[in-house]
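>>> Need a 3D model of the sequence below.
(one chain, ligands or ions: 3)
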Amino acid sequence: MRHITLFLLACLLAACVSAPPPRPPATVVLISLDGFRPSELGTGRAPNLDAIARDGVRAEYMRPSYPSLTFPNHYTLVTGLRPDHHGVVQNTMRDAVLGRFRIKDTRATDDARWWNAAEPLWVTAERAGLPTATMFWPGSSAAIGGVRPREWRPYDHGFPAETRVDTVLGWLTRPAAERPRFITLYFERLDEASHDHGPDSPEARAAVSAVDGYVGRLRAGIAANGLRDAVDLVVVSDHGMAEVQPGHEIAVDTMVPADVAEPVTTGQSLGFQPLPGREAEARQQLLGRHEHYECWTRETLPARWHYGRNPRVPPIVCQMDEGWNAQTAATVNRRVPGASRGDHGFDPALPSMRALFVAEGPSFRHGLRLPAFDNVDVYPMLAHLIGVTPRDNDGNPATLQPALVRGR
Ligand code: AMP
Ligand code: ZN
Ligand code: ZN
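Ligands and ions are numbered 1, 2, ... in the order given. Coordinates of the predicted model:
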């Protein structure tokens with residue numbers, strides 16, 4: 001009898017010793033590789049992303065929201081809202097009260113009134129008492145709803161990529177109680193190389209490897225600090241990239257004269273504001289199908305774009321065909337003849353606009369490949385991972401549920 005009791009006691013003790021200590025919740029690092037095409041996976045140019053895709057979770061691809069531009073899609077990723085709903089409807093905007101918004105104008109990008117229609121995840125987390133930190137992300141330098149990330153940096157294009165990674169590693173290696181629970185990290189290098197030289201150029205290919213290397217530096221730092229069980233990495237892009245062949249560019253004033261309708265935005269998704277009294281003329285000249293583009297009133301845009309209700313969307317929207325671009329005559333004339341370029345901003349349904357989604361960490365299953373999904377679906381998963389109640393959003397929380405290990 002005594003033997004049995006002792007044996008049972010020993011078993012209990014062993015169970016206590018071998019039971020894992022309660023795991024502190026992981027930190028989520030959301031990394032954006034601007035303009036990264038999922039078709040780069042498996043080419044050998046991005047071994048770190050391939051490893052994440054192989055050992056963690058990979059989406060076939062992710063569909064960007066309309067328009068397939070940087071600011072609208074980055075804000076979608078952290079709010080789960082379509083651009084029409086979160087209010088950052090373009091990289092370039094005009095608002096009746098706020099005036100003009102351009103991504104290079106820090107007075108505008110830092111003004112919370114452009115962002116306040118939505119609440120990004122870092123604000124929700126801070127309000128719940130969870131520390132957050134951003135190593136760049138559109139919106140992170142504005143006090144949205146009066147709240148900024150606990151740590152943030154004003155966007156600086158020249159800030160070295162390695163220092164960005166090391167800054168994040170510095171945050172991750174803080175004692176668990178002070179460690180941010182949600183971190184963002186952003187790299188523009190590939191987007192810029194792809195715009196300047198085309199997505200299949202040697203320069204863009206080198207940039208694919210470079211941004212993969214930044215992810216590698218972060219993974220190595222996480223492993224070296226024994227943090228692999230404490231960090232979930234979610235690596236995304238905002239959109240893909242299409243080739244724009246030499247000469248595939250038209251001047252905006254050939255679409256409609258400037259004294260009939262003013263272009264609010266140029267590029268691939270264009271907004272026109274008819275001049276007072278010239279509305280009928282503007283509609284007559286622009287609406288419908290043209291060679292290389294098609295235009296709609298904002299009320300009649302294709303429903304699949306979920307776009308046009310927001311008052312910041314100009315009355316007429318024109319969408320360029322894949323690989324075509326509309327610019328001011330001055331810009332068209334400045335282009336180097338014969339040089340290919342890259343652009344995005346084309347229909348989000350096009351294969352060239354597909355975005356990246358791969359993830360790894362203690363919360364993610366191993367070796368899972370998910371079918372394609374919309375980028376609004378990322379937000380509910382991020383909110384779940386850090387343990388906050390998501391705000392109203394356009395995403396489907398069921399999409400990414402299969403990606404998570406049970407109990408996370
Ligand atoms: P685009 O290709 O025009 O959609 O925008 C890409 C550009 O956005 C990049 O070249 C970056 O320089 C710029 N950008 C990215 N994040 C920010 C930010 N937080 N603040 C200002 N500019 C940014
Ligand atoms: Zn972008
Ligand atoms: Zn770009």
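>>> tell me, how many neighbours does the residue in the stretch 301-408 of the chain positioned nearest to ligand 1 end up with?
In the stretch 301-408 of the chain, the residue that lies nearest ligand 1 is residue 344 (6.7 Å; Cβ to the nearest ligand atom). Bear in mind the C-beta positions are built from the backbone N, C-alpha and C, glycine included. In terms of burial, residue 344 registers 31 neighbours under the definition other Cβ atoms under 10 Å.
>>> ok, and the closest non-adjacent residue to the closest residue to ligand 2 within the stretch 151-300 of the chain?
Per Cβ to the ion, the residue of the stretch 151-300 of the chain with the smallest distance to ligand 2 is residue 238, at 4.3 Å. Spatially, and ignoring its direct neighbours in sequence, residue 238 is nearest to residue 73 (3.9 Å; Cβ to Cβ, 6 or more residues apart in numbering).
>>> roughly how far apart are that neighbour and residue 127?
From residue 73 across to residue 127, the span is 24 Å (Cβ to Cβ, to the nearest Å).
>>> neighbour-wise, which of those two wins?
Neighbour tally, residue 73 and residue 127, criterion other Cβ under 10 Å: the higher count belongs to residue 73, 27 against 13.
>>> anything in the helix or strand containing the more buried one near ligand 1?
Mapping residue 73 onto the secondary structure by DSSP states H and E places it in helix 70-79. Yes - under the criterion of Cβ under 6 Å from any ligand atom, helix 70-79 makes contact with ligand 1 via residue 70.
>>> And stretch 313-326, by the same measure?
No - legend: contact between stretch 313-326 and ligand 1 by Cβ under 6 Å from any ligand atom is lacking; minimum distance shown is 12.1 Å.
>>> pLDDT score assigned to the residue in the chain positioned nearest to ligand 2?
Of all residues in the chain, the one sitting closest to ligand 2 is residue 70 (3.2 Å; Cβ to the ion). Per-residue confidence for residue 70 comes out at a pLDDT of 98.
>>> next one: the one 3 residues further on
According to the per-residue confidence, residue 73 scores 99 in pLDDT.
>>> same check, this time on residue 375
Among the per-residue scores, residue 375 shows a pLDDT of 98.
>>> Could you verify my assumption that it touches residue 236?
Yes - counting by Cβ atoms under 8 Å, a contact exists between residue 375 and residue 236, whose distance comes to 7.5 Å.
>>> Looking at these two, which is more packed in?
residue 375 (27 against 23).
>>> With residue 315 as the reference, measure out to the more buried one.
Taking Cβ to Cβ as the measure, residue 375 falls 27 Å from residue 315.
>>> swap in residue 58?
For residue 58, the distance to residue 315 under the criterion Cβ to Cβ works out to 41 Å.
>>> Tell me, how many residues neighbour residue 277?
8.
>>> what does residue 303 give?
Residue 303 sits with 8 neighbouring residues when counted by other Cβ under 10 Å.
>>> quick one: contacts for it?
Under the criterion of Cβ atoms under 8 Å, 6 or more residues apart in numbering, residue 303 has no neighbours.
>>> any idea where the strands of the stretch 151-300 of the chain begin and end?
All strands of the stretch 151-300 of the chain, identified by DSSP state E, counting those that start in this stretch, fall at 151-152, 182-187, 231-236, 242-244, 249-251, 261-265, 269-274, 288-290, 293-297.
>>> quick one, which of those is nearest to ligand 1?
With Cβ to the nearest ligand atom as the criterion, ligand 1 lies closest to strand 182-187 of those, at 5.9 Å.
>>> What is that closest one packed up against?
Using 3 or more Cβ pairs under 8 Å, 6 or more residues apart in numbering; DSSP states H and E, the elements in contact with strand 182-187 are strand 27-33, helix 121-127, strand 132-135, helix 161-172, helix 202-224.
>>> What mean pLDDT does it get?
Mean pLDDT, computed over strand 182-187, is 99.
>>> who's in contact with that strand?
The set of residues that contact strand 182-187 without belonging to it, under Cβ under 8 Å, 6+ apart, is 27-34, 74, 78, 121-122, 125, 130, 132-137, 140, 161, 164-165, 168, 171-172, 211, 214, 218, 382, 386.
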